[in-house]
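A.B. asks: fold the stuff below for me.
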Amino acid sequence: MEERKASEGFSNAREDLISKLHDSLISQILFYLPTKEAVRTSVLSKRWNIVWLLIPRLDLESYEFPTYNEFVVFMDKFLDFSKGENSCLHKLRLSIWEEKNDQYSSVTRWIDFVAATHKLKHLDVESLIVKRECLQVMPVSLYISQTLLYLRLHRVLLGSFESVSLPCLKTMHLETNIYANETSLELLISSCHVLEDLSIVRKVDDNVKVLRVHSQSINSLSVGYVFPESQDLSRFDRVNSGVLIDAPKLKYLKFIKEISASKIISNLCSLVKVGFVGPFHIQRKYFNGNKQMASNFFTGIARVRDMSISYSVMKLILKVESSFHFGNLTCLEAKLYGYDVKILSTFLERCPNLKSIVLDFDYSSFVTAPSFSSVPQCLLSSIEFVEIKSRFNGRPVEIEVAKYFVKNSIVLKKLVVHLSHSMQNKSFVDLTNLFTWPRASSMCEIVHVNDC
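C.D. replies: Next up is the predicted model:
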């Protein structure tokens, strides 16, 4: 009798409980699997052959298929089924790699269908096709999606359109695309009335001379260029290029290799953080004509509280306006190159209320140890935290930079240095000797981090 009960218990344990679930619930479970793994469940049984087609997410890369034709057949099958079952697709990501096929219009057709379902919330289209004539063309229906929350378009073609209606779109990433003209791009941005996060990575041949960002809702903006090694920058019309930003709710602004000649920023009442990554350029004559226009750009970021900056931008700020100050700046991250580190103390004089500073030095460019001629106000009254991210080897130039802050920062609480591999192998006595410098602040703690 006991053996029979045990046998029944074993049978119940092996019972296929998942197959008893409703299709909609199983599709929700499959949602959390990679698309490739979800599709593989179709071999389990006749029922499972179609269950995966109900998942609300599709994430596909064309290179994962034996041929591009098979990729097309797969997508057509999925969407044909969706038409009959009233599509529940909420999230679609497509990455197109093939450029030897003439079926690129299929992508336009697919997006046209999913954009018109009034259920799509997340769309990510990435084209890695080199030939410009083979770029994916975005259908007009994409610009009037009533449900889209997230949109990423990478190297596609955005043609002309008369109107835009994206009432729910909050995040938009536009990367190395080709646009019909700069007016259409301006219309696309300004017509997204609840857009909060916008990033634009540009090509020099994207048909846009002046990028205009007019928005009453954006709070995060990133703009810049990408320059392939093979691209001839001599074709770039820097003189007539520019960026115009009018976004009163903007809090976070980042420039990535932004080499446009002119930059105009207005109404940045809420700006908290600004960052400069890579080369940054503003046309010289832009500063030599009208004094009010000369300080327009930096006046626009004057209220910023958090800034990441490069050596070239630091020099540009000092050159533009000798009396310019960042009175609200409390956090600064700077990457410095070149032989003249003394520019750092000069710049810090413009930041009277700075509390935290993170520095990344290119020590290889220094022949001799730097000397600092002044002690800015922020070292005497406000700086509490200093981090030197450069790998510390114990060379004279590194020691002088670190000592500068330790000896002069009256309220400094912590100095963090990142030790190189060679420094980590030194004896405890050697390390201790390096960090026994006299300190202006009795609260100052010197901490070393062992980086790999």
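A.B. asks: for residue 379, give me phi and psi.
C.D. replies: Per-residue torsions, residue 379: phi -70, psi -30 (degrees, to the nearest 10).
A.B. asks: how near is it to residue 441?
C.D. replies: Per CB to CB, to the nearest Å, residue 379 is found 10 Å from residue 441. C-beta coordinates here come from the backbone N, C-alpha and C atoms, glycine included.
A.B. asks: so what sits against both of those two?
C.D. replies: Shared contacts of residue 379 and residue 441, defined by CB atoms under 8 Å, 6 or more residues apart in numbering, are found at 409, 410.
A.B. asks: more neighbours: which of those two?
C.D. replies: residue 379 (25 against 19; other CB atoms under 10 Å).
A.B. asks: which residues are in contact with that one?
C.D. replies: 348, 405, 408, 409, 410.
A.B. asks: is residue 202 in contact with residue 224, as I believe?
C.D. replies: Yes: counting by CB atoms under 8 Å, residue 224 is a contact partner of residue 202 at 7.0 Å.
A.B. asks: between these two, who's got more neighbours?
C.D. replies: Ranked by neighbour count (other CB under 10 Å), residue 202 and residue 224 place residue 202 first, with 24 against 21.
A.B. asks: nearest residue to that one other than its sequence neighbours?
C.D. replies: Among residues not flanking residue 202 along the chain, residue 225 sits closest, at 5.0 Å (CB to CB, 6 or more residues apart in numbering).
A.B. asks: how near is the one you found to residue 344?
C.D. replies: Residue 225 is 27 Å from residue 344, by CB to CB.
A.B. asks: run through who's touching the biggest strand by length in the chain.
C.D. replies: In the chain, assigned by DSSP state E, the strand with the most residues is strand 385-392. Residues outside strand 385-392 that contact it (CB under 8 Å, 6+ apart) are 355-363, 398, 401-402, 405, 409, 412-420, 423, 448, 451.
A.B. asks: what mean pLDDT does the helix or strand hosting residue 254 have?
C.D. replies: Here residue 254, judged by DSSP states H and E, is contained in strand 252-256. Average pLDDT, strand 252-256: 94.
A.B. asks: what packs against that strand?
C.D. replies: strand 220-225, strand 273-277 (3 or more CB pairs under 8 Å, 6 or more residues apart in numbering; DSSP states H and E).
A.B. asks: coming back round to it: the residue nearest to residue 202: neighbour count?
C.D. replies: So residue 225, with other CB under 10 Å, has 22 neighbours.
A.B. asks: who touches it in this structure?
C.D. replies: Here residue 225 is in contact with 201, 202, 203, 204, 256, 257, 258, 259 (criterion: CB under 8 Å, 6+ apart).
A.B. asks: same list (the residues you listed) but as a markdown table, adding secondary structure.
C.D. replies: Formatted as a markdown table, the contacts of residue 225 follow (DSSP: H, G, I helix; E, B strand; the rest coil):
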| residue | secondary structure |
| --- | --- |
| 201 | strand |
| 202 | strand |
| 203 | coil |
| 204 | coil |
| 256 | strand |
| 257 | coil |
| 258 | coil |
| 259 | coil |
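A.B. asks: mind putting those residues into a markdown table with distance to residue 160?
C.D. replies: Shown next, in a markdown table, are the contacts of residue 225 (distance: CB to CB, whole Å):
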| residue | distance to residue 160 |
| --- | --- |
| 201 | 22 |
| 202 | 19 |
| 203 | 19 |
| 204 | 21 |
| 256 | 28 |
| 257 | 28 |
| 258 | 26 |
| 259 | 27 |
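A.B. asks: make sure residue 398 is indeed in a helix.
C.D. replies: Yes: membership of residue 398 in a helix is supported by three-state DSSP.
A.B. asks: distance check, it against residue 391.
C.D. replies: Residue 398 is 9 Å from residue 391, where distance means CB to CB.
A.B. asks: again, but for residue 302
C.D. replies: From residue 302 to residue 391 the distance is 34 Å (CB to CB).
A.B. asks: now residue 377
C.D. replies: 30 Å.
A.B. asks: low pLDDT regions in the stretch 251-400 of the chain?
C.D. replies: Counting by pLDDT under 70, the stretch 251-400 of the chain shows low-confidence ranges at 282-296, 321-322, 338-340, 363-370.
A.B. asks: show me this protein divided up by domain.
C.D. replies: 14-55, 305-452 (automatic domain parsing).
A.B. asks: only whichever of the contacts of strand 385-392 are buried, select them in ChimeraX.
C.D. replies: ChimeraX command restricting the contacts of strand 385-392 to the buried ones, with burial defined by 16 or more other CB atoms under 10 Å:
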select :355,356,357,358,359,360,361,398,401,402,405,409,412,415,417,418,419,420,423,448
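A.B. asks: wasn't residue 422 part of a helix?
C.D. replies: Yes: secondary structure of residue 422 (three-state DSSP): part of a helix.
A.B. asks: touching, it and residue 393? I think so.
C.D. replies: Yes: proximity of residue 422 to residue 393 meets the contact threshold set by CB under 8 Å, at 6.1 Å.
A.B. asks: the two: which has the busier surroundings?
C.D. replies: Using other CB under 10 Å, the more surrounded residue of residue 422 and residue 393 is residue 393, with 14 against 11.
A.B. asks: that one touches residue 425, doesn't it?
C.D. replies: No: when contacts are counted by CB under 8 Å, residue 393 is not listed as touching residue 425 (11.3 Å).
A.B. asks: what is the burial count for residue 142?
C.D. replies: 24.
A.B. asks: got a markdown table for the helices and strands packed on strand 252-256, with distance to residue 176 too?
C.D. replies: As requested, these are exported to a markdown table (distance: least, CB to CB, whole Å):
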| stretch | distance to residue 176 |
| --- | --- |
| strand 220-225 | 9 |
| strand 273-277 | 16 |
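A.B. asks: nearest to residue 249 among those would be which one?
C.D. replies: Of all the helices and strands packed on strand 252-256, it is strand 220-225 that lies closest to residue 249, at 9.9 Å by CB to CB.
A.B. asks: contact partners of the helix or strand following that closest one?
C.D. replies: With elements assigned by DSSP H and E, the helix or strand that comes after strand 220-225 is strand 242-246. Contact partners of strand 242-246, identified using CB under 8 Å, 6+ apart, comprise 209-215, 221, 223, 253, 258, 260-268, 300.
A.B. asks: so where is the stretch 51-200 of the chain shaky, pLDDT-wise?
C.D. replies: Judged by pLDDT under 70, the stretches of the stretch 51-200 of the chain that qualify are 51-54, 84-87, 98-105, 130.
A.B. asks: what do you get if the cut-off is 90, keeping everything else the same?
C.D. replies: 51-91, 96-109, 113-119, 127-137, 159-163 (pLDDT under 90).
A.B. asks: other residues contacting the host helix or strand of residue 174?
C.D. replies: Per DSSP H and E: residue 174 is located in strand 171-175. Outside strand 171-175, the residues that touch it by CB under 8 Å, 6+ apart are 149-155, 185, 189, 192, 195-201, 226.
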